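[1] make a model of this:
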Amino acid sequence: MSENGQGLTKKSAGHVIVDTLAAHGVERAYVVPGESYLDVLDGLHNSPIETVVCRHEGGATYMAEAEGKMHQRPGVAMVTRGPGAANAHVGLHTAWQDSTPLVLFVGLIPFEHREKEAFQEFDPKAWFGTGAKRVMILDHADRASEVVAEAMFAAMSGRPGPVVVGLPEDIIRNEISAEIHPEIPVATGGMTVTDWKALNSALQEADKPLFIFGGNDWSHEGAADFTRWLEEHDLPAAAEWRCEGTVPFNSPSYVGPIGYGRPKPTYDLLEETDLLIFVGTVPGDVITDGFNVRQNWDKKNFLVTIDPSLRGRSGPVSHQIVAKPDVFVRDLLLMDLPVKESWKEWTSRMRGEQEKFAELPPAQPSEGQAKMATMMANLVESLPEDAMVTFGAGEHTNWAHRYFPTNGYASMLSARNGSMGYSIPSAVAASLNYPGRRVVSIAGDGEFLMNGQELATAAQYGATPLVIIMDNQQYGTIRTHQERQYPERVSGTQLLNPDFALMAQSFGGFGVRVENDADVPAALESALKAIDENKQFALIHLVVEQGVKAY
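    Prediction:
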């Protein structure tokens, strides 16, 4: 830091970037260090921002993406050029398809070395231009704070998503004015009088209305207000795939998840309902079974989203309300409708089916090999009200969909783009954001090995998730598709796994391997004790039979 002749404070652009992030409310940055952005790392040294050093750029970007899901501000990741940027791309794709605010800072080669095939040189705009909302390169040091403010705004405005900021290593060392660019306000939309009247009229005409909630753009207060309004009006709400919790699992208005592998209670809902209201999401590929369900133009669909382009939607659009979920709910609370008997019957019927679907299996172990059903029954009975669950992609995730009690917004963190390797990084981020809260990660064996090394990050920073690995020695989802299309021809799906419990112990956590169902309750008790008394993460390696599914 220095002063110019007029007494104005000056700092390096890298330090100003850090100061601007702190001024915008960023609490932590998930990083894999690189020589290309050393000045930013130096700025983090005495910053209020916690620097979480990760083991792989994919893990770092997943953690930042998970943080963006838990809050309405972007998660922040920092990686180096070339290979580091390539490894981070998976987190960008997750943020893009999941509409998550994320800012990825990428160190770049010096400005003067461009177009010379310098070490680890790449073109950020060519690489990321189709998978990020914006790609910005800091070519002028004086604009450092402005570019950060613009990146944070772009990630949050409209449909949230990822933004990439390139940082040439020589530019960020230049000294500039330390003045911080203020936050740029984000438009939130809201119901117009026309919107309000149209929705009011549509609801009063409907006998079987259904709300579908989704997205990552809610607040805890908005989700709670939405739930209360639904319950007061005896109206049902279903969850977009891997978005459970906004309307709590225990709410009489919650009727289950809709998406891939959807349970039977919600399978036919999209066709049966006479009014669909999507809040925070749109009827996309997964919800509509590959753009097949709810496609008739005579169907009545209301879409509540801040994205005027309705990117990703299919089927009819009766009315669009351009609003973020919280603002829509604020206006919805003013709508006091007479409750129809048909609403009560419709909601009660669907809620009853959801309760049957979610009824726990026996907690008492049976003879033979360990069972995920036994684990879930014992786990759920031990969970506090505010428990969180994280998972990536695979058939193991359906155990959480069916049984895990998600009782609040952002109590389920997952990758709706079907990305594997998300379970452990998101669990680490959740535990760091909410220390002392019960965070459970349900991982598949193949999925765990993609980013399981981030348990080292958990140990280093005191994250204490409970990790349950369902080890069926195969890529289960792909095996299921294989059996349908190429029966009795198993190819490319079988796995030979290590002892995951020993891996956990080597990383500094508690680990236990369970092969017999009789040992499940004691293993869970020991794992929870290690978390609560020893303040360490715990991992249960559950060796199960192949072909046993949640539903």
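
[2] kindly state the beta-bridge partners for the closest residue in space to residue 129 that isn't next to it in sequence.
    Spatial nearest neighbour of residue 129, excluding adjacent residues (C-beta to C-beta, 6 or more residues apart in numbering): residue 135 at 5.6 Å. To be clear about C-beta, it is placed using only N, CA and C from the backbone, and glycine gets the same treatment. Per DSSP bridges, the residues bridged to residue 135 are residue 164.

[3] could you list the low-confidence segments of this structure?
    Residue ranges of the chain with pLDDT under 70: 1-8, 264-265, 267.

[4] in it, where's the longest helix?
    helix 341-358 (DSSP state H).

[5] would you mind pulling the contact partners of that one?
    Helix 341-358 has contacts (C-beta atoms under 8 Å, 6 or more residues apart in numbering) with 207-209, 233-236, 249, 252-256, 263-266, 269, 402-403, 551.

[6] give me the PyMOL select line for these, limited to the buried ones.
    In PyMOL, a selection of the buried entries from those looks like this (16 or more other C-beta atoms under 10 Å):
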select buried, resi 208+209+233+234+235+236+249+252+253+254+255+256+263+265+266+269+402+403
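
[7] now do the next helix or strand after the longest helix of the chain: which elements does it pack against?
    Sequence-wise, the next helix or strand downstream of helix 341-358 (DSSP states H and E) is helix 372-382. Contacts defined by 3 or more C-beta pairs under 8 Å, 6 or more residues apart in numbering; DSSP states H and E place helix 372-382 against helix 397-403, strand 466-471, helix 520-534, strand 538-543.

[8] using CSV, lay out these together with distance to residue 440.
    Shown next, in CSV, are those (distance: least, C-beta to C-beta, whole Å):
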stretch, distance to residue 440
helix 397-403, 8
strand 466-471, 5
helix 520-534, 10
strand 538-543, 10
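
[9] of those, which is nearest residue 320?
    Minimum separation from residue 320 across the helices and strands packed on helix 372-382 (C-beta to C-beta) falls at helix 397-403, 28.9 Å.

[10] what is the closest one packed up against?
    helix 341-358, helix 372-382, strand 439-444.

[11] save those as CSV, and put in mean neighbour count and distance to residue 23 too.
    CSV is the format used below for those (neighbours: other C-beta atoms under 10 Å; distance: least, C-beta to C-beta, whole Å):
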stretch, mean neighbour count, distance to residue 23
helix 341-358, 17, 44
helix 372-382, 21, 41
strand 439-444, 28, 29
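
[12] any chance of the ones you listed in JSON lines, with distance to residue 543 too?
    Converted to JSON lines, those look like this (distance: least, C-beta to C-beta, whole Å):
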{"stretch": "helix 341-358", "distance to residue 543": "26"}
{"stretch": "helix 372-382", "distance to residue 543": "11"}
{"stretch": "strand 439-444", "distance to residue 543": "13"}
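
[13] so which of those gets nearest residue 112?
    strand 439-444 (45.2 Å).

[14] any idea how far residue 40 is from the spatially closest residue to residue 550 that is not a sequence neighbour?
    Sequence neighbours aside, residue 398 is the residue nearest to residue 550 in space, at 3.7 Å (criterion: C-beta to C-beta, 6+ apart). Using C-beta to C-beta, to the nearest Å, we find residue 398 at a distance of 41 Å from residue 40.

[15] higher neighbour count, the two?
    residue 40 (28 against 22; other C-beta atoms under 10 Å).

[16] ok but the more buried one is inside a helix, no?
    Yes: assessed by DSSP: H, G, I helix; E, B strand; the rest coil, residue 40 belongs to a helix.

[17] and for the residue lying closest to it once chain neighbours are set aside, the neighbour number?
    Sequence neighbours aside, residue 14 is the residue nearest to residue 40 in space, at 4.3 Å (criterion: C-beta to C-beta, 6+ apart). Residue 14 has 26 neighbours, counted by other C-beta under 10 Å.

[18] apart from its neighbours in sequence, what residue is nearest residue 407?
    Here the residue nearest residue 407, using C-beta to C-beta, 6+ apart, is residue 248, at 4.1 Å.

[19] what sits against the one you found?
    Neighbours of residue 248 in contact, by C-beta under 8 Å, 6+ apart: 227, 254, 406, 407, 408.

[20] over to residue 91?
    57, 58, 60, 61, 62, 64, 65, 77, 102, 104, 162.

[21] which helix or strand contains it?
    Per DSSP H and E: helix 83-98 holds residue 91.

[22] which parts of that helix are buried?
    84-85, 87-98.

[23] one more: stretch 276-294?
    So stretch 276-294, judged by 16+ other C-beta under 10 Å, has buried residues 276-284, 286-288, 293-294.

[24] quick one: which of those is nearest residue 447?
    residue 286 (18.4 Å).
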